[in-house]
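Enquirer: Need a 3D model of the following:
(one chain, ligands or ions: 2)
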Amino acid sequence: MIILEDVSKSYSTGAPALNGISLHIEPGEFVFIVGDSGSGKSTLIKLLLRELTPTSGKIFVNKYDLSKLKRRKIPKFRRNIGVVFQDFRLLKDRNVYENVAFAQRVIEVPPREMRKNVPSMLSMVGLAEKYKARPRELSGGEQQRVALARALVNKPPILLADEPTGNLDPKNSWEIMKLLEEINKSGTTVLVVTHNREIVNAMRKRVITMKKGIIVSDEKKGGYIDED
Ligand code: ADP
Ligand code: MG
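Expert: Numbers count the residues shown, from 1 in each chain. Ligands and ions are numbered 1, 2, ... in the order given. Now for the predicted structure:
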């Protein structure tokens, strides 16, 4: 589903953010990416979204060879990937329903289908009752659940989450991670960047640890590797 072959990425300043990363992720996997701040995790996510291009190496995402992807094909390619971030990134002046429906409007889903898909996603994340609320009327955990519903309403095969629980308390963090696990069980390939040591250790998933732009460990049913 995701293949990186000897991928490096340098920004104009400083040491390479990624330095020769190779990685295979199979369809249906659940993978945690952990590592200190600055180790290259978000750079990896941006490369997978084709927000950045690598300085060298090859990237394949759901059979797309990103080095051959034409600029005008990028929007269609991105339909393969749902994405959530630490800061939720909801439309503040739209209600919950509209935030999720927006993703469907972009790809021109017929209104009849949209009126089924949006409520069904909102029930999946436990927010069916709050469809009229604005983001500021919701807790952080609820906002992240709206972001998840929006990321998934178009049924992408891949979900990328860059520190999705970074702004949440432990209870809400667990709820989001359990939702990600459920989403994965229904077949979506899930990649989660996180610093949440307790959750990573408890969930026993594949754990890829990055340090200074390289992968220092990759373990099935792994845990958070302690520094020092
Ligand atoms: P992480 O998400 O693991 O904290 P990042 O991928 O954001 O790491 O950053 C990796 C390295 O690349 C860091 O040294 C960071 O300062 C650098 N970096 C990230 N984005 C940029 C940018 N737009 N321009 C220059 N350097 C950057
Ligand atoms: Mg980051």
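Enquirer: Next, count neighbours for the residue lying closest to residue 145 once chain neighbours are set aside.
Expert: Nearest non-adjacent residue to residue 145, counting by Cβ to Cβ, 6 or more residues apart in numbering: residue 125, 4.0 Å away. From N, CA and C alone the C-beta is placed, and that goes for glycine too. Residues lying near residue 125 (other Cβ atoms under 10 Å) number 24.
Enquirer: Then residue 137?
Expert: Neighbours of residue 137 under the rule other Cβ under 10 Å: 12.
Enquirer: State the distance from it to ligand 2.
Expert: 28 Å (Cβ to the ion, to the nearest Å).
Enquirer: So which bits of this structure are right by ligand 1?
Expert: For the chain, the residues in contact with ligand 1 (Cβ under 6 Å from any ligand atom) are 11, 13, 14, 17, 35, 37, 38, 39, 40, 41, 42, 43.
Enquirer: Narrow those residues to those in strands?
Expert: residue 35 (DSSP state E).
Enquirer: What's the ChimeraX syntax to select whichever of the residues of the chain next to ligand 1 are buried?
Expert: To isolate the buried members of the residues of the chain next to ligand 1 in ChimeraX, using 16 or more other Cβ atoms under 10 Å:
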select :17,35,39,40,41,42,43
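Enquirer: and the least confident of the residues of the chain next to ligand 1?
Expert: Lowest in pLDDT among the residues of the chain next to ligand 1 is residue 14, which has 86.
Enquirer: ok, now which ones touch it?
Expert: By Cβ atoms under 8 Å, 6 or more residues apart in numbering, no residues touch residue 14.
Enquirer: before we move on, what about residue 10?
Expert: By Cβ under 8 Å, 6+ apart, the contact set of residue 10 is 16, 17, 55.
Enquirer: For the lengthiest helix in the chain, buried residues please.
Expert: Longest helix in the chain by number of residues (criterion: DSSP state H): helix 170-185. Across helix 170-185, burial judged by 16+ other Cβ under 10 Å covers 172, 173, 174, 175, 176, 177, 179, 180, 183, 184.
Enquirer: Switch these over to CSV, and while doing so, append pLDDT and distance to ligand 2 to every line.
Expert: Formatted as CSV, the buried residues of helix 170-185 follow (pLDDT from 0 to 100; distance: Cβ to the ion, whole Å):
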residue, pLDDT, distance to ligand 2
172, 95, 20
173, 96, 17
174, 96, 21
175, 95, 22
176, 96, 17
177, 96, 18
179, 96, 21
180, 97, 17
183, 96, 21
184, 97, 21
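Enquirer: And the pLDDT at the residue minimising distance to the centre of the chain?
Expert: In the chain, the residue lying closest to the centroid (Cα atoms, centre = their mean) is residue 160, at 1.6 Å. In this prediction, residue 160 carries a pLDDT score of 98.
Enquirer: next one: residue 228
Expert: Reported pLDDT for residue 228: 48.
Enquirer: you'd agree the residue nearest to residue 145 is up against residue 179?
Expert: Yes - the pair formed by residue 125 and residue 179 meets the contact definition of Cβ atoms under 8 Å, at 6.3 Å.
Enquirer: any shared contact partners between those two?
Expert: What both residue 125 and residue 179 touch, as defined by Cβ under 8 Å, 6+ apart, is the set 145, 148.
Enquirer: can you list the residues that contact the longest helix of the chain?
Expert: Residues contacting helix 170-185 (Cβ under 8 Å, 6+ apart): 28-30, 125, 139-141, 144-145, 148, 152, 159, 161, 164-165, 168, 190, 192, 196, 198-199, 203.
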